[in-house]
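[1] Got a predicted structure plus its sequence, pasted below:
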Amino acid sequence: MIRIVTRGEIERTLIALVRKEKEIDEERLTPGAVLAEAGIDSLDSLTILFAIEEQFGISIPDDRARAMKTFGDMVDLVSDLVGTGETGLRIED
Amino acid sequence: MRITNEILPVSQSSILNPQSSILPHSQSSILNPQSSIHVPRVVITGVGIVSPFGRGRAAALDALREGRSGIRNITSIDTSALNCRIAGEVPADAHEGLHRGHDRFTRFALIAAEEAVAQAGELGVEPERVGVLIGTGLGGCETLDGAYRRLYAENGRIPPMSIPMSMYNAASSAVSTKLGAKGLAYSVVSACASSAHAIGLAAQAIRADQADAVLAGGSDAPLTTGIIRAWESMRVLAIDNEHPEAACRPFSADRKGLVLAEGAAVLVLESLENAQRRGAEILGEIAGFGATSDAGHVTDPSADGAARAMRLALADARLEAGAIGYINAHGTGTRANDATESAAIRSVFGKDPPPVSSTKSMHGHAMGASGAIEIVSSLLALREGFLPPTLNLDTPDPECDLDYVPHTPREARVAAFLSNSFGFGGMNAVIAVRVG
């Protein structure tokens, strides 16, 4: 069964995932927010990426993970990957 | 401080005089009477323990004084796939909610280290001169067990913190970070002798002026399905699921094997000068360290290797065998260890060996943490004036012919003791401790 998710739903889910791993004010997680500047170090990123993979049933390639600098990059990345493969999810703008 | 000149080879006056040449090894001063090499003595000023008796020194001391077993049915994991459902498990209320985000063995080490440091008080030395040496036999078993379960039985994804949480130096790293200790830091691995080696090496580091103080000890948390099953395969576990407290029977003719356990103990070691300068209470002294290898069988112990380690520890401490008032045995409760260790003690101490007991009969075998747990347990008991007993020694064994302090604690004044730890791989470590 295919479930349709919106970009807004992905963003809200990601905010919740990030905040579960790291105490960050929700207002700070704007699309342009640089993750490192928000206090998310490399090890935090790994844990967050793992939680994203678990949540969405996706696999994030290393090069895509390394390229992720901002919260907006994170939303883009997940939106790209959610619509592909056998996740059972389809993205809808 | 109850350490007196009678039991100390170096006089107090020379210790108090920083200009004097203090050489614990008399031969060195004979060979080089002009030498001014200063070798500090290493004292214990804080101890912490989390064990099957619970969290803290008081819980351990109460159990040792009562001769009460901490071995019980395992509750921290699902035991339905196991034949052995008993262990020296640390009670949940001793650690739950503390130091989240670390493996269980690291959390135990942090709990023990915090208690030890609190007792020691302000060390008054630069953080760069404080070291951390935590021994472990098996490292982050809980983390690896969870990761492998995911890999082979679930979705194949391994949490990214699996490596830093399971590495053998995770506990040393976490203690160093938590307490801001920036001197030498590593882990020591020699199976069931790991923490004894760690404590011996820590004392040597202070003697060698590589550190002014070292937090030394051990931690292990091996109670996972995989590790217990692996031990079951070796057929050396004492399995009595109906009577957990009676399972571990060191030196008894009807002994069936060891009981796995978990926990941690950490000691604050520092130079005698530093302890005296800051007016710290001196709980004891790491007087000697002996380490040998059997270079023989990987699992069958050798009396020669154990005996040589005991002799080396005595020589390092410049103690005669007769000065030892108690031995905390490795005393696993396996057929092989107990007879071999008894023979080794007999060969070192001759016709008049001191009382020997195995506190593993109460707390089980906490693998690499056992040496530290046993040194701390012995020190706590001896400072209170009693020998901890060997429980369940119901049937004398002709091959085990020493005084094992059976069943109940015994009042005694002891100035110095040995703690034996022998690991698979034939690795032996013996620590000689003067009681403060």
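    Nice, I can see it.
[2] what about the helices in the stretch 51-200 of chain B?
    For the stretch 51-200 of chain B, applying DSSP state H, counting those that start in this stretch gives helices covering B:57-66, B:104-120, B:141-153, B:162-166, B:170-179, B:194-207.
[3] Next, format those as JSON lines and append mean pLDDT.
    Output for those, formatted as JSON lines (pLDDT from 0 to 100):
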{"stretch": "helix B:57-66", "mean pLDDT": "98"}
{"stretch": "helix B:104-120", "mean pLDDT": "98"}
{"stretch": "helix B:141-153", "mean pLDDT": "96"}
{"stretch": "helix B:162-166", "mean pLDDT": "97"}
{"stretch": "helix B:170-179", "mean pLDDT": "98"}
{"stretch": "helix B:194-207", "mean pLDDT": "98"}
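[4] Including distance to chain A and mean neighbour count, could the ones you listed go into CSV?
    Glycine gets a C-beta too; all of them are placed from N, C-alpha and C. Shown next, in CSV, are these (distance: least, CB to the nearest CB, whole Å; neighbours: other CB atoms under 10 Å in any protein chain shown):
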stretch, distance to chain A, mean neighbour count
helix B:57-66, 34, 19
helix B:104-120, 15, 26
helix B:141-153, 10, 17
helix B:162-166, 8, 19
helix B:170-179, 13, 23
helix B:194-207, 27, 28
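[5] roughly how far is stretch B:239-257 from the heart of the chain?
    22 Å (CA atoms, centre = their mean, to the nearest Å).
[6] same question for that stretch, mean pLDDT?
    Stretch B:239-257 carries an average pLDDT of 97.
[7] Residues touching that stretch, excluding its own?
    For stretch B:239-257, contacts defined as CB atoms under 8 Å, 6 or more residues apart in numbering or on different chains pick out B:69, B:71-73, B:83-86, B:232, B:235-238, B:258-259, B:329, B:331-335, B:338, B:342, B:358, B:360-361, B:364-365, B:390-398, B:400, B:402, B:404.
[8] Tabulate the CA atom coordinates of it in CSV.
    Extracted in CSV, the C-alpha atoms of stretch B:239-257 (Å, rounded to 0.1, in the frame of the first residue of the first chain):
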residue,chain,number,x,y,z
ILE,B,239,23.8,-23.8,36.9
ASP,B,240,21.3,-24.0,39.8
ASN,B,241,18.3,-21.9,38.7
GLU,B,242,16.3,-23.0,41.7
HIS,B,243,18.9,-22.0,44.3
PRO,B,244,21.0,-19.2,42.8
GLU,B,245,22.7,-18.3,46.1
ALA,B,246,24.0,-21.9,46.4
ALA,B,247,25.4,-22.3,42.9
CYS,B,248,28.9,-20.9,43.3
ARG,B,249,30.8,-23.2,45.7
PRO,B,250,34.5,-22.4,45.6
PHE,B,251,36.9,-25.0,47.0
SER,B,252,34.0,-27.3,47.9
ALA,B,253,34.3,-30.8,46.6
ASP,B,254,30.8,-30.5,45.0
ARG,B,255,31.7,-27.3,43.1
LYS,B,256,30.4,-27.2,39.6
GLY,B,257,31.8,-24.1,38.1
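[9] Run through the helices of chain A in chain order.
    Secondary structure of chain A, counting by DSSP state H: helices at A:7-21, A:42-56, A:62-67, A:71-82.
[10] Buried deepest among those helices, which one?
    Sort the helices of chain A by mean neighbour count, taking mean count of other CB atoms under 10 Å in any protein chain shown, and helix A:71-82 sits at the top with a mean of 20.
[11] Show residues contacting it.
    A:5, A:7, A:10-11, A:14, A:18, A:29-33, A:35, A:38, A:52, A:56, A:58-60, A:64-65, A:67-68, A:87, A:89-91.
[12] can you pull up the bridge partners for the residue of the stretch 251-400 of chain B found nearest chain A?
    Nearest residue of the stretch 251-400 of chain B to chain A, counting by CB to the nearest CB: residue B:264, 24.3 Å away. On the basis of DSSP bridges, residue B:264 is bridged to residue B:50, residue B:219.
[13] pLDDT weak spots in the stretch 1-150 of chain B?
    Scanning the stretch 1-150 of chain B for pLDDT under 70 picks out B:1-36.
[14] at 90 what do you get?
    Applying pLDDT under 90 to the stretch 1-150 of chain B picks out residues B:1-38.
[15] same thing with chain A?
    For chain A (pLDDT under 90), the answer is A:1-7, A:21, A:42-43, A:82-93.
[16] near chain B, which residues of it show up?
    Proximity of chain A to chain B, by CB under 8 Å from any CB of the partner chain, involves residues A:43, A:46-47, A:49-50, A:53-54.
[17] Please repeat the previous calculation with a cut-off of 6 Å.
    A:46-47, A:50 (CB under 6 Å from any CB of the partner chain).
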